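Visitor: below is the sequence, then the predicted model.
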Amino acid sequence: MTANAKSLAIASLILLSGLSFAGPLTPPAGPISSTSKPLSEVEPRTALSQASTPGDVANQFKITQPGSYYLAGDMTASPGGNACILITANDVTLDLNGFTVRAPSAEGIRIGGDRVTIRNGSVALPAGSADAIYLLTGADDIELLSMKISAPSNCVRAQAGVGPITIRQSSLIGGQFGVSISGSDTAVTVVSVECRGQSNSALGLGNAAVVDGCNIRNVGNNGGILGYAVYVGVGSTVRNTSILDGVSAGSVGPDRAIWTASGVTIEDCTIFSRGTSGIRVNDFAVIRRNRVTMQNSGATGIYCFTGDCLISDNSVSAPSGTAVFLNAGTGSTVIRNHLINATTAISGTNLPSNIIGPTASNGNPTANTNPHANFVN
């Protein structure tokens, strides 16, 4: 047998063996049906309804089992002080599906479970109502994502004994407080959130808080009540955040744009304040690369109440006021700042006990070569 004949014979055997293992070419009888799974099997979700999530005398709907739930349309709680939704189960995701929750005289959503996420919708409460989202003692690991929240009292309020809270890519509009935390140990992370129109304070947070990439504007002080745009507790961080005071929410802006406890970091923020101080911290704070512009005459740009702070690389304008005030504190370092329009650039009752870079100005050009100089004009 020639080589060509052998090759042809081998090819024929391969073809025949492939045909012997192939399936039937004739389609089965009957209509053709889909072999894919329905959406309910791919992502099982439950619509809120009286059949699936029945309420009680105090709540329109109650979620008492873990799972994924969604809103099928706008909802308004019945009159009489009923909250719209109560979540008591753990491991719950509630997708508002772009719709709005309204409650005439009670909370919009109350949360008592752990690992609860609410996303993609609005909670809007009218005048005379309560808190839009209310976290009950024992709730833990709560996330609010892509939400628009408005209320006459608090947009988000947490009782004492609530675990970590994360709020991302959301808007908090109006009310007395944007976020109000009763327990100092509730760690709150607020990222890419807009706060506007609060009459007292935008963010009142506890220890270990993180405020990152937020925009806070038009926060008042409720006709003279001591207010603040942002308060954070021990060990917190505020970064990349803009605070732009206005007078639409109150008679004047808040007394302090950022007010903190000890051991905080404030960096890369922009502050335009009508209060008495732009940044006010206790001890062991790091304040760097911020731009602080005070509008009221005689105000203080950066106020270190106790001591042991690092204040560096900031730009501070305080017309007829004090750019940096160290009070009676000791152990602080003040270097490489640009201090503008202030009657007093750096002040305090115990300045020799702090490390302060030399002053570089038109009247002191030789200090311009010092890498730690504070520039004053």
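Guide: In hand now; what should we look at?
Visitor: tell me where the stretch 151-300 of the chain is predicted with low confidence.
Guide: Within the stretch 151-300 of the chain, the segments meeting pLDDT under 70 span 221-226, 246-253.
Visitor: beta partners for residue 158?
Guide: As for beta bridges, residue 158 partners with residue 135, residue 181 under DSSP bridges.
Visitor: what residues does the helix or strand that residue 345 is a member of touch?
Guide: Assigned by DSSP states H and E, residue 345 belongs to strand 344-347. With CB atoms under 8 Å, 6 or more residues apart in numbering as the test, strand 344-347 has contacts from 321-326, 334, 339, 356, 359, 374, 376. The C-beta positions use only the backbone N, C-alpha and C, and glycine is treated the same way.
Visitor: the helix or strand following it: partners in the sheet, and parallel or antiparallel?
Guide: Downstream of strand 344-347, the first helix or strand assigned by DSSP H and E is strand 355-356. If you go by DSSP bridges, strand 355-356 pairs up with strand 333-335 (parallel).
Visitor: hmm, back to that, and the strand holding residue 345, what's buried?
Guide: Within strand 344-347, the residues scored as buried using 16 or more other CB atoms under 10 Å are 344-347.
Visitor: one more: stretch 159-169?
Guide: Buried-residue list, stretch 159-169, by 16+ other CB under 10 Å: 159, 162-163, 165-168.
Visitor: what of stretch 235-245?
Guide: Buried residues in stretch 235-245 (16+ other CB under 10 Å): 235-239, 241, 243-245.
Visitor: re the thing from before, so which of the buried residues of stretch 159-169 comes closest to residue 76?
Guide: Nearest to residue 76, judged by CB to CB, of these is residue 167 at 23.9 Å.
Visitor: checking the closest one next. Helix, strand or coil?
Guide: strand (DSSP: H, G, I helix; E, B strand; the rest coil).
Visitor: quick check: it touching residue 179?
Guide: Yes. Counting by CB atoms under 8 Å, residue 179 is a contact partner of residue 167 at 7.1 Å.
Visitor: now do the shared contacts for the two.
Guide: Counting by CB under 8 Å, 6+ apart, the residues touching both residue 167 and residue 179 are 156, 188, 190.
Visitor: tell me the contacts of the last one?
Guide: By CB under 8 Å, 6+ apart, the residues touching residue 190 are 167-168, 179, 203, 205, 209-212, 214.
Visitor: in strands, which of the residues you listed fall?
Guide: Judged by DSSP state E, the subset of these located in strands is 167-168, 179, 203, 210-212.
Visitor: who wins on neighbours among these?
Guide: The most crowded member of these is residue 203, carrying 31 neighbours; neighbours defined as other CB atoms under 10 Å.
Visitor: can you check the pLDDT for the residue lying closest to residue 134 once chain neighbours are set aside?
Guide: In space, and not counting its chain neighbours, residue 134 is closest to residue 107: 4.4 Å by CB to CB, 6 or more residues apart in numbering. pLDDT recorded at residue 107 is 89.
Visitor: now do the same contact list for residue 107.
Guide: 83-84, 130-134.
Visitor: and if you look at residue 169?
Guide: 145-146, 191-193.
Visitor: 10 Å instead?
Guide: Applying CB atoms under 10 Å, 6 or more residues apart in numbering to residue 169 gives the contacts 119, 144-147, 191-194, 213.
Visitor: could you work out the most separated pair of the contacts of strand 344-347?
Guide: Taking CB to CB, no two of the contacts of strand 344-347 sit farther apart than 321 and 356, at 18.2 Å.
Visitor: these two: who's more crowded?
Guide: Applying other CB under 10 Å to residue 321 and residue 356 shows that residue 321 carries more neighbours, namely 23 against 20.
Visitor: tell me the contacts of the more buried one?
Guide: Contacts of residue 321 by CB under 10 Å, 6+ apart are 276-278, 294, 296-301, 341-344, 347.
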